[in-house]
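Student: Pasting the sequence and the predicted model now:
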Protein chains: 2
Amino acid sequence: MTSATTHNKRYLLADRAENRAVKPSDFTLDTTPLPQPGEGEVLLRTLYLSLDPYMRGRMSAARSYAPPIELGAVMIGEVVAEVIESRADGLKPGDKVLAYAGWQEYAAVPAKACERIDPILAGDLPLSYFLGVLGMPGATAYFALDTIGKPKAGETVLISAASGAVGQVAGQIAKLKGCKVVATAGSADKLAYVTQELGFDIGVDYKNKDAKTLAGELAQHAPDGIDVFFDNVGGVTHDAVMMNLALRARIIICGAIAVYDRLGQPDTGPRWNRQLLAKRALMQGFLVSDHRARYAEFRTQMADWLKSGRLRYKEDVVAGIEAAPQAFIGLLAGANRGKMLVKVAT
Amino acid sequence: MTSATTHNKRYLLADRAENRAVKPSDFTLDTTPLPQPGEGEVLLRTLYLSLDPYMRGRMSAARSYAPPIELGAVMIGEVVAEVIESRADGLKPGDKVLAYAGWQEYAAVPAKACERIDPILAGDLPLSYFLGVLGMPGATAYFALDTIGKPKAGETVLISAASGAVGQVAGQIAKLKGCKVVATAGSADKLAYVTQELGFDIGVDYKNKDAKTLAGELAQHAPDGIDVFFDNVGGVTHDAVMMNLALRARIIICGAIAVYDRLGQPDTGPRWNRQLLAKRALMQGFLVSDHRARYAEFRTQMADWLKSGRLRYKEDVVAGIEAAPQAFIGLLAGANRGKMLVKVAT
């Protein structure tokens, strides 16, 4: 903490953007005095703020698995932060922690709400990885495949939003399990990244295609059908893959970014009940927070894969808390290249 | 076999009834000489013909889990039959068997395609039960709950088409497991049957209601949500239940009779991906034929429940092969009261 720091910049939710795209004016920047930690609390300085699609759902008042953010409240978000003042046992200045401190530079939070980052586990890996491949998105990929997808060697796995924070990890795990990985994404450079750098087998651009056209393309690349569908996007891609299920396919419903701007409305499009019936397929919703108890196992495995070079990981980092709204809007539009992060301080 | 019998009456598929309701002229009655069994075959006289909703799917040319019936071919269907002539080891005249002999009075079929009915297991139970509670519909209820629904005591189970061949058995199994059973059906007398005679807890009439109205009604009867949804019908009932899922609900996609007259078209209506995600629900397609290897276990358990009076079962029987088309059309419209059967001979 430099002696000059006396203020905290933060973003408040100004508008829920119901049934339309998010725009910069949905967030209000304000500046407050530096928060003071109370008894049992620590003062955190955010190093990295994670931007994730789930935040779109929390902006909306539509009923979901978590309550919406209040209008006028600080935008939620997980951060990697440094403890700069401690009024709690167990955490001391200089410790690095994970916390849901939100879109702001500083936060006073209960020590109990912080998770200390193990420096031995982290080793030489970037701290920001704890918001991605070693954090919520990585855990999503890991546990969704472990508990629902259950990919077996020789099976065909389709990953949508394949270059995103979850997709790039999920596809690599499927490759480590001996699967053929078909990736969908919305640009040639995203597909070049996942096929050339991550080793996914096939890349298919879904942009400007209707479901039937896309389904025809997928059928060529997965002639025996898709065994595991890791769905991060919903929409047209979902429809196209559902037309190509293999017998006893497993469909992980992990995200629906394609429809997040219509959360107040019914999710239109065909229903796939008859396809599920014919293929005896399993479609299951997934929330990573159900798997908190197994995070240590996940982080150990993932750190091992990263350190041994068996798993690669790409981040898209912008600088300064002021960059958060535009970066988030870009994320929702698919403009990011890799896990979207805001580097708030060094 | 009476000496007078020299002809066989049978129904052939005349029209696929694509995208419209089935009508009597979709089936052609013809009369042929009595078939002659070849080497390894038996001549069967049908006692009971089972009429089931899956036959509607096989009439259509729309792709599904089984190939369509050829135009001009005998309508498919499972029967309980008596062996009247045998040119095969292992079966002798007088034996009772199950076989897919179709909508006809007599059939020559390979002995290997017949399943002999165990007279000891059958005991005093009607032979027709082997086409219902001890046959495919009963097995559907039993295995779909065992492998997907997994109802636990205290949970709320919703059964659609609750008075049908599958529904009446599924609801009773759920009651035996200690669940609260909410039934939907399309008439007051069907609901009276399942609540007053079978002991289901709540009966809800779905007819002439939109999904939102029906959902509101279900919410009153299942305030903590629906844990297991045994879906035999699809359509509006499906939508209404999906609005009322409990956390970690299991949805068995077993049938979609509500949309069988539109098999060539996409199954319209809202998609429930966001609901599956929020509730971490599991939706899985079910086909009973995957569970053939466990039929002995199923029949033993079911016969025990029937003989001890813990399970009850209702049939709707019409007489004579000529009654089949109209009875089948009635079944698709929900006019039947219990498992639909044609008594072809005594």
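Tutor: Cool, got the structure.
Student: Pretty sure A:Ala219 sits against A:Leu245.
Tutor: No - applying C-beta atoms under 8 Å, one finds A:Ala219 not in contact with A:Leu245, separated by 11.1 Å. From N, CA and C alone the C-beta is placed, and that goes for glycine too.
Student: Which of these two has more residues huddled nearby?
Tutor: Under the criterion of other C-beta atoms under 10 Å in any protein chain shown, the comparison of A:Ala219 against A:Leu245 puts A:Leu245 first, with 25 against 14.
Student: Could you list which residues are in contact with the more buried one?
Tutor: For A:Leu245, the contacting residues are A:Gly225, A:Ile226, A:Phe229, A:Ile251, A:Gln275, A:Lys279, A:Ala281, taking C-beta atoms under 8 Å, 6 or more residues apart in numbering or on different chains as the criterion.
Student: Below-threshold pLDDT in the stretch 201-346 of chain A: ranges please.
Tutor: In the predicted model, the stretch 201-346 of chain A carries pLDDT under 70 at residues A:263-264.
Student: In it, mark out all the helices, start to finish.
Tutor: A:211-221, A:235-242, A:273-279, A:295-307, A:324-332 (DSSP state H, counting those that start in this stretch).
Student: out of these, which comes closest to chain B?
Tutor: Comparing the helices of the stretch 201-346 of chain A by their distance to chain B (C-beta to the nearest C-beta), the top pick is helix A:273-279, with 3.7 Å.
Student: which outside residues touch that closest one?
Tutor: Residues lying outside helix A:273-279 but in contact with it, judged by C-beta under 8 Å, 6+ apart, are A:225, A:242-243, A:245-249, A:281, A:283, B:63-65, B:231, B:234, B:238, B:253-256, B:259, B:263, B:267, B:283-287.
Student: beta partners of the closest residue to A:Ile117 other than its chain neighbours?
Tutor: Among residues not flanking A:Ile117 along the chain, A:Lys96 sits closest, at 4.5 Å (C-beta to C-beta, 6 or more residues apart in numbering or on different chains). Here A:Lys96 sits in beta bridges with A:Glu82, going by DSSP bridges.
Student: need the contact list for A:Lys96.
Tutor: A:Lys96 makes contacts with A:Leu47, A:Val80, A:Ala81, A:Glu82, A:Val83, A:Arg116, A:Ile117, A:Pro119, A:Ala122, A:Leu127, as judged by C-beta under 8 Å, 6+ apart.
Student: Would you mind checking these for buried ones?
Tutor: Judged by neighbour count, with 16 or more other C-beta atoms under 10 Å in any protein chain shown as the criterion, the buried members of those are A:Leu47, A:Val80, A:Ala81, A:Glu82, A:Val83, A:Ile117, A:Ala122, A:Leu127.
Student: ok, now which ones touch the last one?
Tutor: Shown here is A:Leu127, whose contacts under the criterion C-beta under 8 Å, 6+ apart are A:Leu47, A:Tyr48, A:Val80, A:Lys96, A:Ile117.
Student: Hmm, the second one is touching A:Lys343, no?
Tutor: In this case it means A:Tyr48. Yes - A:Tyr48 is within contact range of A:Lys343, at 5.8 Å (criterion: C-beta under 8 Å).
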